[in-house]
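Undergrad: requesting a structural model of the entry that follows:
(one chain, ligands or ions: 1)
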Amino acid sequence: MEKKLILDDTVRTIGKRTDGYINFGQKPDGSQFRIPVIVIEGDKDGPTLLVDACTHGDEYEGAEAIIQMADKLQTETFAGTFIGVPALNFEAFSCISRVSLSDGFNLNRIFPGNKETYITHRLAYIYMERVVEYADFVITFHGGGDVLHLEPIIGYLPGDDEISRKTLELAKAFNQKFIWRMQNLPFNGVSSIEYKNILGIPSILPEVGSHCGRLYDREKNVKICYDGITNVMLALKMLDGELPVPVEKMHVELHYLHSRNGGIQRLVKKKGEIVEEGEILGEIYDVFGNKIEELKAPYRGVVIGFWSVPVIRPGDWWYLYAKILD
Ligand SMILES: [Zn+2]
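TA: Now for the predicted structure:
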């Protein structure tokens, strides 16, 4: 890393690894809003890979994988620099919340942020200025959190230029089946997209794990994240070794299908199922047991995710349903 990432507080330095915090605002209680950062300098020259998690505070699978990867890399030979940010929205993470508690904002809708207004906007701005800026490649982990289930899917912003080509290569290198072309998102301010658009950094968004699988699948999903980081580092030649056998990919475009009514929902089609146009995806019942809504597949597609809580409110994301592109 030529330019130097500066931490405000160093917690510890062990050999080539430094753990610390970047501060971005004093709270009324005198403590700081802060971003925990792990920096590990490799033994040879190479790219800087930034891996972050908990842009949404309740999506922990990537966080655990970052902690495990840092533990491995501090004693292992590798090229380049690894920057790990296990809990970007540290306040939301601490409160087991998707969004910021102090101002209510969803950090993944307000990038690139600004220094002058709300604390979550300041977090986005300071993070890009003081951390993301130093990266050559970014993996930014998400997941289903506490209310959705998602099959592992690797998002990237497509385009015709060289950065977009590298971004797609990164998404494929992660080595999961579903590759998500994020060309039609119905909202703005997504960190991974702004890292690419504003800073020109190839950046991918893996969605892995959720609360509904954590009782049995916590380790499995953390391992998917961990293996994905390893595979990207192998592809970038930061680690020596054989690339894994590529899994067969399905390129998709994700759509968010909302519920019209609230009630108790029943999932008819579940994760990974291919559904024909017109087939019923899910149903909603009122508290007297009457069916009040049916959701039909608007096209032939594949179920990537769904609302995982039995109760659903009007307007919630019910199905994350994908068009199959190729
Ligand atoms: Zn998320």
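Undergrad: any idea how far L150 is from P314?
TA: Going from P314 to L150 by C-beta to C-beta, to the nearest Å gives 22 Å. No exception for glycine: its C-beta is placed from N, CA and C like everyone else's.
Undergrad: check whether stretch 108-120 comes near the ion.
TA: No: against the ion, stretch 108-120 shows no contacts by C-beta under 5 Å from the ion, the least distance being 5.8 Å.
Undergrad: and the strands in the stretch 151-300 of the chain?
TA: 153-156, 178-181, 203-207, 250-258, 263-267, 274-275, 280-285, 291-296 (DSSP state E, counting those that start in this stretch).
Undergrad: who's more crowded, P314 and L150?
TA: Each of P314 and L150 has its neighbours counted (other C-beta atoms under 10 Å); L150 has more, 25 against 12.
Undergrad: which residues are in contact with the spatially closest residue to the more buried one that is not a sequence neighbour?
TA: Among residues not flanking L150 along the chain, G305 sits closest, at 3.8 Å (C-beta to C-beta, 6 or more residues apart in numbering). G305 makes contact with G144, L148, H149, L150, E151, E207, S210, K271, Y319, L320 under the criterion C-beta atoms under 8 Å, 6 or more residues apart in numbering.
Undergrad: try it again with 7 Å
TA: Residues near G305 by C-beta atoms under 7 Å, 6 or more residues apart in numbering: G144, L148, H149, L150, E151, L320.
Undergrad: distance of the closest residue in space to M233 that isn't next to it in sequence from L170?
TA: Once flanking residues are discounted, M233 sits nearest to L239: 4.4 Å by C-beta to C-beta, 6+ apart. To L170, L239 is 15 Å away according to C-beta to C-beta.
Undergrad: same question for Y125.
TA: Taking C-beta to C-beta, one finds Y125 at 24 Å from L170.
Undergrad: what about the two, which has more around it?
TA: Legend: neighbour count by other C-beta under 10 Å for Y125 and L170, higher for L170 (22 against 19).
Undergrad: which of the helices or strands spans the closest residue to F82 other than its chain neighbours?
TA: With C-beta to C-beta, 6+ apart as the criterion, F82 has its nearest non-adjacent residue at 4.5 Å, and that residue is I40. Secondary structure assignment for I40, by DSSP states H and E: strand 32-41.
Undergrad: which bits of the chain sit near the ion?
TA: H56, E59, H142.
Undergrad: one more pass at 8 Å, please.
TA: Contact residues, the chain versus the ion (C-beta under 8 Å from the ion): T55, H56, E59, R98, N108, H142, G143, G145, E207.
Undergrad: A322 contacts Y299, correct?
TA: No: using C-beta atoms under 7 Å, A322 is not in contact with Y299; the gap is 9.8 Å.
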